[in-house]
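Chemist: my questions concern the predicted model and sequence given below.
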Amino acid sequence: MSTLANMLILSVAVFLTANIIPGIRMKSFATAVVVAVVYSVINFLFGWLLILISLPFMIITFGLFKLVINAVLLWATDKLIEDFRIRDFFTTFLAALCITLVDSFIKWAL
């Protein structure tokens, strides 16, 4: 699947998650696209490093610690984008879980 298609799917996942979970404020779908791009860039630049650092936790939890890493990356995205706000870390963790599930489901359905 192309990078553009992945960005669009991630944008839809972010937009749906923001509409489902209370505590997430997003201005528009264009903001969801920006969030998807920034999140992807942060994940590309720092995701591998965080996974490498947390490798023992990843092994112990059978990879579920990646949700915590995704929440940290989503929190960083929240701090970088003005039109995207998440209330607290629990909401950020829940949003990371939902974005991961929706993104995976959409990719599986296609």
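Modeler: Everything's here; your move. Residues are numbered from 1 along each chain as shown.
Chemist: just give me the neighbour total for T3.
Modeler: Residues within reach of T3, counting by other C-beta atoms under 10 Å, total 8. For glycine as for every other residue, the C-beta is placed from the backbone atoms N, C-alpha and C.
Chemist: got it, and S28?
Modeler: Counted with other C-beta under 10 Å, S28 comes out at 10.
Chemist: list the contacts for it?
Modeler: Counting by C-beta atoms under 8 Å, 6 or more residues apart in numbering, S28 makes contact with D83.
Chemist: how about it, phi and psi?
Modeler: For S28, the backbone dihedrals (degrees, to the nearest 10) come out as phi -160, psi -180.
Chemist: surely K107 is in contact with L8?
Modeler: No: taking contacts as C-beta atoms under 8 Å, K107 lies outside contact range of L8: 11.1 Å.
Chemist: helices or strands up against the helix or strand encompassing T17?
Modeler: Following DSSP states H and E, one finds T17 within helix 3-20. Using 3 or more C-beta pairs under 8 Å, 6 or more residues apart in numbering; DSSP states H and E as the contact definition, the elements that helix 3-20 packs against are strand 24-26, helix 29-42, helix 89-109.
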